[in-house]
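Trainee: Quick one, structure for this:
(chains A, B, C, D, E and F)
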There are 6 protein chains.
Amino acid sequence: MRLLLVNPNVTQAITDTMAAEARRSASPGTEITAVTARFGTLYVENRGEAAIAGHALLDALAEHGSDGDAVIVAAFGDPGLAAAKELMDVPVVGVSEAAFLFAYTLGRRYSIVCLTPRLRTWYIECAKEHELATRMASARALSRPIADITRARDECREALVEECRRAIDEDDAEVIIVGGGPIAGLARDIADAIPVPVLDGVSCAVRLAEALVALGPRPPQRGSFARPRGKPSRGLSPALAALLEGGSP
Amino acid sequence: MRLLLVNPNVTQAITDTMAAEARRSASPGTEITAVTARFGTLYVENRGEAAIAGHALLDALAEHGSDGDAVIVAAFGDPGLAAAKELMDVPVVGVSEAAFLFAYTLGRRYSIVCLTPRLRTWYIECAKEHELATRMASARALSRPIADITRARDECREALVEECRRAIDEDDAEVIIVGGGPIAGLARDIADAIPVPVLDGVSCAVRLAEALVALGPRPPQRGSFARPRGKPSRGLSPALAALLEGGSP
Amino acid sequence: MRLLLVNPNVTQAITDTMAAEARRSASPGTEITAVTARFGTLYVENRGEAAIAGHALLDALAEHGSDGDAVIVAAFGDPGLAAAKELMDVPVVGVSEAAFLFAYTLGRRYSIVCLTPRLRTWYIECAKEHELATRMASARALSRPIADITRARDECREALVEECRRAIDEDDAEVIIVGGGPIAGLARDIADAIPVPVLDGVSCAVRLAEALVALGPRPPQRGSFARPRGKPSRGLSPALAALLEGGSP
Amino acid sequence: MRLLLVNPNVTQAITDTMAAEARRSASPGTEITAVTARFGTLYVENRGEAAIAGHALLDALAEHGSDGDAVIVAAFGDPGLAAAKELMDVPVVGVSEAAFLFAYTLGRRYSIVCLTPRLRTWYIECAKEHELATRMASARALSRPIADITRARDECREALVEECRRAIDEDDAEVIIVGGGPIAGLARDIADAIPVPVLDGVSCAVRLAEALVALGPRPPQRGSFARPRGKPSRGLSPALAALLEGGSP
Amino acid sequence: MRLLLVNPNVTQAITDTMAAEARRSASPGTEITAVTARFGTLYVENRGEAAIAGHALLDALAEHGSDGDAVIVAAFGDPGLAAAKELMDVPVVGVSEAAFLFAYTLGRRYSIVCLTPRLRTWYIECAKEHELATRMASARALSRPIADITRARDECREALVEECRRAIDEDDAEVIIVGGGPIAGLARDIADAIPVPVLDGVSCAVRLAEALVALGPRPPQRGSFARPRGKPSRGLSPALAALLEGGSP
Amino acid sequence: MRLLLVNPNVTQAITDTMAAEARRSASPGTEITAVTARFGTLYVENRGEAAIAGHALLDALAEHGSDGDAVIVAAFGDPGLAAAKELMDVPVVGVSEAAFLFAYTLGRRYSIVCLTPRLRTWYIECAKEHELATRMASARALSRPIADITRARDECREALVEECRRAIDEDDAEVIIVGGGPIAGLARDIADAIPVPVLDGVSCAVRLAEALVALGPRPPQRGSFARPRGKPSRGLSPALAALLEGGSP
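Mentor: Take a look at the predicted model:
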């Protein structure tokens, strides 16, 4: 099975971090291909950057989408996820979506722990859009500014563990989701220090994608996720223009 | 990996049907053990029968729970599911829960199609309890009485397909869940006749359980799903009494 | 009028406490019969124990149900309540349900004060299941472990009063519900110390049951609370088997 | 026990109808005093008339409130109910409130059947304000204009029964509430023709008021239903001015 | 354009304060007429007073309603607003309604800051009735009693600014609404001291009313805001009786 | 006052239609500047196209944003609206947002009538994202395919009027919103044929923008709509890169 992991920001180092965690999490026969957005910001942290990332995701899928049995949208916050589901014939899963769904199976209330207040706001809106926010106990962010987000996994580790504990003690969290591409894989490292299940979005997305490929649901021919009819465009990459023009087979 | 599938009603034929579908759906290395409740009703269709089935599930888990890396509660409606999650140290998934969660990834609105109006009511309450009902487009039941529920998969097939189509046409369903143990596996047979993804609870539960075992979240030591402290009981099976008395390690 | 009070745990002392409060609360002409579950745990505190208690309740009702004009399910958390309503032709009320409903008439926001964090979680889920949680200001539990729950009414009195006051001061509670069978009747004792109405589940259930008997609504012949059709069973008590087999008249 | 029933419209015939039903429904020792608003409209059917009725209710309570151990606000729609609860030291119940609460004990979904589309809208808003609308299956009104609302109980009986049946067949109602002062008592007459419980607001309010008086919750000294501090006014009846000026003791 | 501002309490000084702010906020060609209720309390702070104010509003509109192209209900809490919309053929806006709607355009979460705990409760209920409460972050009131509410704008200024800051720091408010007639216009004075947008109900209502007049939606002939049919009344002012009797043209 | 209207699709004819309606709706002193997206699809109809349009909106704002006292996002569905609010220092309003908010002032339930089922789905999601969907009675689309959407205003007029009437008759709509750029201004033409208020998104947005400019709320320095800190990017237009890099002043 081949999974295409798309990082919708432009930082190769974050792609590499997420791809590494994806490979650690995958079943033996699963091969991970990871691509980075052609345009956008260094990382995605707010609504403006997410709007650009949504387009960048589609741009990358138009270029690389045929490389996978399923697609993973690899930015916590799931920018462009629903758009990608609409346009692709293979299953598409987001790292937030996947983490939320597994959290639902493991407890009554989950908390998200992340790096910055902007991410916190965006993640809350993401959970609401998925209609998976009613069990969110809290979303917690570090209060200190972060010098270099690509080094946050090491440098902020203690502070993040501390927020996980506060989520349990003060917010009654029963599951913790550690959110954000640059800290992909951290959940694995800190699991022993946290007395409730800790989930990582990339790991969850890999296992969810594998499960969906195995279940093999047919692509919808009806409803709002059926492939739209073809439509002309202007100013887009040739691949994306072709994808939109092609429309439903 | 070994999965323990527990049928909380007393009908071996339904256990066999569900076990067969579970084995068809499982990964190559996964072994399915299926057990049937010691006490209860021929199938589980309403709140009264579900109350008994909840106890019967725990009774079976106390007897057989050590046989699996994860447990599948194999009655659509998930009787006793939360209770089982609380008492077991391995992941426990329900067939409804699993179907709802996969439905969330495949469309905006799902419908449940099932055999009887009583089941319909119970399934709606089940979705609400999971807090996964906001995307339910409808739940539809056959209106004719069913002579022999163990033969419903064949005899009601056309009527069920018809309800699936109505759910799409009239309720805007984008995903269909075919619910009920006696018709486990039907989704596979009718997928080509339905223009949107069709999900089967048993298949979904098998793949969800496999994913959870692979992710390996630690059992909670805090919160309402941590193993309760031991407590004396009276009148229960020796195995269940021991499970309750044992409490958290 | 005869009311049958069923304690779904196996501790006679708790039955006695609740029956005494029920008799203090009843109208002159009302006679209270109290029965204790044949099987289950010493008290009911979490989802696992509640699952067993639901079956135990039905078992007791099958044995004793013909003794009453109405039934009171006497464990805060209302285990098996909806199942019992489905199977019985007389009104069935739960002590939580009754307390919530009277709370709705007396203020905009109510808080539950109870003995342990496990009870707190269960009671919150109970209120949600009744769809009476939108006015819940908070649920508060004692933080200290309780040595002997049958003596909690005396030994924890001051701590419970303190939590009632915190619910008013910090959570804006306008009504307090004191929840839990072992402390049935405490509300009466502490009412003068609390500046808002304090409700006891057993008292509320007695008065609610009397009102329902007086109103005399007919048993439903349609809908999900109509008596189900008869169904064979295995491994149940003869009385419960007969009740299920009998089905709707 | 003395119950004061206040009709917030100006039509004595409707007061008489409701008082008669209240007396039929009351316990042997309960005495009903019924008063009619001094000002307002012939009946209360929309937001404008309800706004006037709210003031008229307080005006009547200031004049007659000392006559009762509890107060019944006797217009379905409960105009001024929360205001009255705030100002009175005895329990105050509304006929809608009471019917909704008993409906919650008897089924999962209730429908209101009433005389006119305007009433229908107002009753829906009333249920939402009480936060008791999540179980409302539907509200149904007669489509034909009503010549004389004081004769509606007889003349519209068949049409109302027909709407009750539609609520069951088409909306899955499990409990029916027959709403509106002019048809108080109709529920009693048609109960045999309807296969689910049928509730009358006045009957429910009488039994709810009796229960509250028996429970004897103390008047709140904190929160938004504690008696407000005294405040001067202008242009009100002397009794109402005195009630407002008096404030909390 | 002429706007009729109705103060539903009886204090001319508050009318003057609100009218002054309305004139400061209006477009050049807009003329403000301000009237004070004939009856009611010195200001409106709780449900009882709001019930009277609703009638007083209709009374004033019947007398003065022909003086405006639109009506502003000038008490935060919007007493009688829906009733007035139902009866008038010109647009009617409330100061709370207007502030909530503009808050929705400026941030994800708004907080109300007001003078007293009673107002706080009433304003929360008002937001819920408008179905505009899901984005309310908090409602905050001063804790100290207020000697003279007509001087609160000056004397409580610092305390109100402090609550605004707490709403931002502790409740994550992104917009602040300063609520209450006596402090109309305060938002303008403190805007520079608060790091998020601060809204004043009267200003918002003026601009919302102007916009609605310009859009010129037709009065509804269908639905619950169409003018009701005429209905006789008793004990009301001649003007209000005529308005109700007149009914829809 | 200058308003910048941005059409996030690439069709100049639709920009012209919307700009014409905007000018018809504006106050005398208001000047409308209209720009068309540099890249994207012929019109915006689904999630994929909306994702591209969100980026295109920001691209256009970076180029032209200094031309206005406020910005109107002129595609029903409001693609990129929240992103634009975050990045701009002047008020930004969406045509859906504006129509929903005015609808809240004019009735209890509104319906959207639009051209295609894909639009319908997107508009429903838009209303939910704005948390303004609880009063949505329905969203209705034409069922026939549309040959040329730029001619839809004339060719589909009768069919759209018919859907408006159905929304009133069958869904109890009290306000109608006619949604979609190609039919901007249609509301004005059909108002006389519809017995409830009919709203046009562009008109509403113009008047809402004018009102916001007049109220003059300060740009937030706190919260999720404060201008983010500057961040490097890759592959974006120079103007957008500069806007993102610049960050908060």
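
Trainee: ok now the lowest-mean-pLDDT helix or strand in chain A, how far from the chain's centre?
Mentor: Least confident helix or strand, chain A: helix A:152-155 with a mean of 89, by mean pLDDT, DSSP states H and E. Relative to its chain's centre, helix A:152-155 lies at 19 Å (C-alpha atoms, centre = their mean, to the nearest Å).

Trainee: before we move on, what about stretch A:85-102?
Mentor: Distance of stretch A:85-102 from its chain centroid, counting by C-alpha atoms, centre = their mean, is 8 Å.

Trainee: Tell me which stretches of chain A form strands.
Mentor: Assigned by DSSP state E, chain A shows strands spanning A:2-7, A:31-36, A:40-41, A:70-73, A:92-94, A:110-114, A:136-141, A:175-178, A:198-200, A:233-234.

Trainee: need those strands in JSON lines with mean pLDDT and distance to chain F, can you?
Mentor: (C-beta placed from N, C-alpha, C; glycine too.) Shown next, in JSON lines, are the strands of chain A (pLDDT from 0 to 100; distance: least, C-beta to the nearest C-beta, whole Å):
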{"stretch": "strand A:2-7", "mean pLDDT": "98", "distance to chain F": "13"}
{"stretch": "strand A:31-36", "mean pLDDT": "98", "distance to chain F": "10"}
{"stretch": "strand A:40-41", "mean pLDDT": "98", "distance to chain F": "5"}
{"stretch": "strand A:70-73", "mean pLDDT": "98", "distance to chain F": "11"}
{"stretch": "strand A:92-94", "mean pLDDT": "98", "distance to chain F": "12"}
{"stretch": "strand A:110-114", "mean pLDDT": "98", "distance to chain F": "14"}
{"stretch": "strand A:136-141", "mean pLDDT": "98", "distance to chain F": "12"}
{"stretch": "strand A:175-178", "mean pLDDT": "98", "distance to chain F": "20"}
{"stretch": "strand A:198-200", "mean pLDDT": "98", "distance to chain F": "24"}
{"stretch": "strand A:233-234", "mean pLDDT": "98", "distance to chain F": "5"}
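
Trainee: Name the residues that touch the least confident helix or strand of chain A?
Mentor: For helix A:152-155, contacts defined as C-beta atoms under 8 Å, 6 or more residues apart in numbering or on different chains pick out A:Thr17, A:Leu115, A:Ile146, A:Ala147, A:Asp148, A:Gly180, A:Pro182, A:Ile183, A:Ala184, A:Gly185, A:Leu186.

Trainee: Contacts only, for A:Arg47.
Mentor: A:Trp122, A:Glu125, F:Ala82, F:Ala83, F:Lys85, F:Glu86, F:Ser224.

Trainee: Looking at those, point me to the pair that's furthest apart.
Mentor: Farthest apart among the contacts of A:Arg47 by C-beta to C-beta are A:Trp122 and F:Lys85. That separation is 13.8 Å.

Trainee: Not counting sequence-adjacent ones, nearest residue to the spatially most central residue of chain A?
Mentor: In chain A, the residue lying closest to the centroid (C-alpha atoms, centre = their mean) is A:Val95, at 2.7 Å. Of all residues not flanking A:Val95 in the chain, A:Gly201 sits nearest, at 3.2 Å (C-beta to C-beta, 6 or more residues apart in numbering or on different chains).

Trainee: Return the distance of that neighbour relative to A:Gly179.
Mentor: As judged by C-beta to C-beta, to the nearest Å, A:Gly201 and A:Gly179 stand 6 Å apart.

Trainee: Mutual contacts of these two, please.
Mentor: Listed as contacting both A:Gly201 and A:Gly179 by C-beta under 8 Å, 6+ apart are A:Phe76, A:Ser96, A:Ala99.

Trainee: Most neighbours among these, please name it.
Mentor: A:Phe76 (32 neighbours; other C-beta atoms under 10 Å in any protein chain shown).

Trainee: So what's the predicted local confidence for the spatially closest residue to that residue that is not a sequence neighbour?
Mentor: Computed as C-beta to C-beta, 6+ apart, the closest residue to A:Phe76 that is not its neighbour in sequence is A:Gly179, at 4.2 Å. Here the pLDDT value assigned to A:Gly179 is 91.

Trainee: so who does A:Gly179 touch?
Mentor: Here A:Gly179 is in contact with A:Phe76, A:Ser96, A:Ala99, A:Ile112, A:Val113, A:Cys114, A:Leu119, A:Tyr123, A:Gly201 (C-beta under 8 Å, 6+ apart).

Trainee: do the same with A:Glu129
Mentor: F:Glu129.

Trainee: roughly how far apart are it and D:Ala152?
Mentor: 48 Å.

Trainee: what does chain A have sitting close to chain C?
Mentor: By C-beta under 8 Å from any C-beta of the partner chain, the part of chain A that sits against chain C consists of A:Arg108.

Trainee: ok and the residue in chain A nearest chain E?
Mentor: A:Thr121 (7.4 Å; C-beta to the nearest C-beta).

Trainee: How about the contacts made by the residue nearest to that residue when sequence neighbours are not counted?
Mentor: The shortest distance from A:Thr121 to any non-neighbouring residue, by C-beta to C-beta, 6+ apart, is to F:Ser224 (4.1 Å). When contacts are counted by C-beta under 8 Å, 6+ apart, F:Ser224 touches A:Asn46, A:Arg47, A:Pro117, A:Arg118, A:Thr121, A:Trp122, E:Gly107, E:Arg108, E:Glu174, F:Glu86.

Trainee: now with 7 Å?
Mentor: A:Arg118, A:Thr121, E:Arg108, E:Glu174 (C-beta atoms under 7 Å, 6 or more residues apart in numbering or on different chains).

Trainee: Lowest-confidence one in the contacts of helix A:152-155?
Mentor: A:Ala147 (82).

Trainee: what number of residues lie near the nearest residue to that residue once chain neighbours are set aside?
Mentor: Distance criterion C-beta to C-beta, 6+ apart; nearest residue to A:Ala147, sequence neighbours excluded, is A:Glu155 at 7.7 Å. Residues lying near A:Glu155 (other C-beta under 10 Å) number 12.

Trainee: how far away is A:Glu155 from chain F?
Mentor: 19 Å (C-beta to the nearest C-beta, to the nearest Å).

Trainee: What parts of chain A come near chain D?
Mentor: Taking C-beta under 7 Å from any C-beta of the partner chain, no part of chain A reaches chain D.

Trainee: where does chain A dip in pLDDT?
Mentor: By pLDDT under 70, the weakly predicted segments of chain A are A:247-249.

Trainee: the helices in it, which residues?
Mentor: In chain A, the segments counted as helices under DSSP state H are A:12-25, A:47-64, A:81-87, A:95-106, A:117-129, A:152-155, A:157-171, A:186-190, A:201-215, A:238-246.

Trainee: how about those, which one is nearest F:Val206?
Mentor: helix A:47-64 (23.6 Å).

Trainee: Now do the end-to-end distance for stretch A:194-204.
Mentor: From the first residue to the last, stretch A:194-204 extends over 18 Å; the measure is C-alpha to C-alpha, to the nearest Å.

Trainee: who touches it?
Mentor: So stretch A:194-204 is contacted by A:18, A:21-22, A:25, A:74, A:76, A:95-96, A:98-99, A:102-103, A:106-107, A:164, A:168, A:173-179, A:184-185, A:187-188, A:190-191, B:215, B:217-218, B:220-223 (C-beta under 7 Å, 6+ apart).
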